[in-house]
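*Asks:* 3D model of this:
(one chain, ligands or ions: 1)
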Amino acid sequence: MTPSTELQRPIIKTSLPGPRSLEIIQGDEQYVTPSYPRPDYKLVADHASGVWITDPDGNVFLDCNAGVAVCSTGHCHPEIVAALQKQVSELIHLCGTDFYYRHMPELGKKLNEIVPIDGPTKTHFANSGAEAIETALKLAMYHTHRQKFIAFQSSFHGRTLGALSLTSSKKAQRLGFMRQPLDVVHIPYPNKFRHFVTDQQTDEATVTRDVLTWLNRVFETTTPATEVAGIVLEVVQGEGGYVPAPTAFVRELRRICDENGIMLIVDEVQSGMGRTGKMFALDHHEGVKADIVCMAKGLGSGMPIGACTARADIMDWHKGAHASTFGGNPVALTAALKTIELLQGGLVENSREVGAYLEAGLNELKQRYSVIGDVRGFGMMLGVEFVKGSGDDPHAADPELRDRIEMACYQKGLIILGCGANAIRWSPPLILAKEHVDVALEIFEEAIRESI
Ligand SMILES: Cc1ncc(COP(=O)(O)O)c(C=O)c1O
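*Replies:* Numbers count the residues shown, from 1 in each chain. Have a look, this model is predicted:
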């Protein structure tokens with residue numbers, strides 16, 4: 001199941017970034033768009049295997065980010081590589097929007113078996129998370145004959161114009177683009193660690209009640225529920241800080257959608273494909289099903305793919321309503337089919353087991369370091385929120401400390417990435433083993449100690 005993990009620790013042998021990495025960074029600065037939201041530290045990859053990334057200077061890093069929750073089966077998993085090599089020698093492209101090949105119905109059937117949707121489903125294939133979201137938005141509008149959406153503050157759904165109308169995790173994502181094309185009302189996300197009014201810690205029942213009261217006011221004032229096409233939910237908010245929604249809240253949203261003919265669109269782009277220790281984050285909320293589910297990231301082990309799966313009776317649009325030249329490319333679909341096989345063959349379980357081990361270790365650190373305000377999440381989707389920890393307001397967010405810790409980890413060979421204002425996300429490849437966790441936690445603790 002796990003590719004070679006003989007190497008036990010990162011190896012840092014140059015100053016970082018090293019000279020060869022710096023050449024690439026300089027070329028990038030000259031020729032590549034400056035709009036990418038790269039962190040302060042500069043990791044350049046040359047090659048990678050399993051949980052290890054090697055840079056052009058020969059430094060080896062332990063990867064606990066997986067290319068932002070994408071390399072679910074680890075880097076270059078031998079079975080993924082073999083399946084892709086076979087596929088590229090047989091059929092690379094034929095444009096599934098005009099012709100047929102086996103991969104589309106095969107993956108559609110597989111997703112039908114695993115997505116948290118009641119009854120038969122159909123799938124539209126895309127190339128990215130944002131494209132999967134675009135599909136969901138268009139489909140919900142088409143099916144309901146309505147145009148409005150409800151989304152959440154601090155959500156992230158992508159940067160294409162439709163998806164950007166939903167996205168609200170950072171000002172930089174919208175700055176300069178002025179009006180949004182879609183009519184979206186943002187309501188607070190039920191974050192119990194920071195109540196949206198008090199900024200204080202509260203409990204699930206209180207934050208659930210308060211967000212639902214807010215939603216009700218929206219329905220009663222600006223946006224009648226009967227005009228809403230869809231509510232778009234990240235069951236665990238990703239870019240916004242790895243914040244899980246309470247079960248009672250998710251259940252209530254389902255009820256509200258049922259009562260008002262609203263589509264419950266669940267964005268599993270980051271939280272799906274085993275990341276949370278179950279195949280989908282929504283599976284943590286027993287009995288609650290979506291109308292439409294969006295997937296991407298971990299679905300293809302690094303191959304670009306997005307998918308939007310909906311109840312078959314909802315996906316009732318006419319021929320020509322939505323399609324994409326590359327979406328559902330046979331090479332990307334081969335990666336997805338093999339990825340799901342590996343997930344079902346043990347990686348979801350590993351995500352749950354080793355994720356719990358990582359979470360326990362992070363909670364131990366929380367006992368010892370008052371600057372760790374919160375450890376949260378499921379499986380291998382864990383957020384650690386940094387706070388002042390002392391002084392007048394120990395609960396106050398400490399984004400600078402988070403940034404220092406992120407940088408110190410990089411310097412020591414551990415790759416982790418921030419999310420939200422002051423959290424660090426742990427989104428390792430799902431092949432991560434307990435021995436890797438021990439090394440990662442040791443480095444993380446050193447980084448915290450040096451950065452306080
Ligand atoms: C929850 C969620 N939805 C959508 C997207 C957009 O995906 P992509 O970057 O593939 O367009 C992301 C990307 O981070 C995401 O985390």
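*Asks:* all contacts plus neighbour counts: C-alpha atoms, from now on.
*Replies:* Will do.
*Asks:* what kind of secondary structure is residue 264 in?
*Replies:* Here residue 264 is recorded as strand under DSSP: H, G, I helix; E, B strand; the rest coil.
*Asks:* pLDDT value on it, please?
*Replies:* Model confidence at residue 264, expressed as pLDDT, equals 99.
*Asks:* what's across from the residue of the stretch 301-450 of the chain found nearest the ligand in the sheet?
*Replies:* Closest to the ligand within the stretch 301-450 of the chain is residue 306: 7.2 Å, counting by CA to the nearest ligand atom. Going by DSSP bridges, residue 306 is paired in beta bridges with residue 126.
*Asks:* Do I have it right that it meets residue 273?
*Replies:* No: Residue 306 lies out of contact with residue 273 (CA atoms under 8 Å); the separation is 12.0 Å.
*Asks:* And those two? Which one has more around it.
*Replies:* Remark: of residue 306 and residue 273, residue 273 carries more neighbours, 33 against 30, as counted by other CA atoms under 10 Å.
*Asks:* does residue 384 have beta-bridge partners, and which?
*Replies:* residue 375, residue 424.
*Asks:* and the stretch 1-150 of the chain, which residues reach the ligand?
*Replies:* Contacts of the stretch 1-150 of the chain with the ligand, taken as CA under 6 Å from any ligand atom, map to 128-130.
*Asks:* Quick one: buried ones out of those?
*Replies:* Buried members of those, counted by 16 or more other CA atoms under 10 Å: 128-130.
*Asks:* that older thread, how much space separates the residue of the stretch 301-450 of the chain closest to the ligand from residue 133?
*Replies:* 9 Å (CA to CA, to the nearest Å).
*Asks:* got any residues that touch both of the two?
*Replies:* residue 294 (CA atoms under 8 Å, 6 or more residues apart in numbering).
*Asks:* Just to check, residue 134 is in contact with residue 162?
*Replies:* Yes: counting by CA under 8 Å, residue 134 touches residue 162, with 6.1 Å between them.
*Asks:* What count of nearby residues applies to residue 172?
*Replies:* Neighbour count for residue 172, taken as other CA under 10 Å: 11.
*Asks:* SS state for it?
*Replies:* Note that with three-state DSSP, the state of residue 172 is helix.
*Asks:* Could you check the pLDDT of it?
*Replies:* So, for residue 172, pLDDT stands at 95.
*Asks:* mind checking how far it is from residue 164?
*Replies:* Taken as CA to CA, the span from residue 172 to residue 164 is 11 Å.
*Asks:* likewise residue 155?
*Replies:* Separation of residue 155 from residue 164 (CA to CA) stands at 10 Å.
*Asks:* what do you get for residue 198?
*Replies:* Using CA to CA, we find residue 198 at a distance of 28 Å from residue 164.
*Asks:* quick one on the thing from earlier: let's see which of the buried ones among the residues of the stretch 1-150 of the chain next to the ligand end up in helices.
*Replies:* With DSSP state H as the criterion, helices contain 129-130 from among these.
*Asks:* Next, the buried residues of stretch 388-407.
*Replies:* By neighbour count with 16+ other CA under 10 Å, stretch 388-407 contains the buried residues 388-389, 395-399, 401-407.
*Asks:* Show me which of those residues is closest to residue 325.
*Replies:* Nearest to residue 325 among the buried residues of stretch 388-407, counting by CA to CA, is residue 406 at 38.8 Å.
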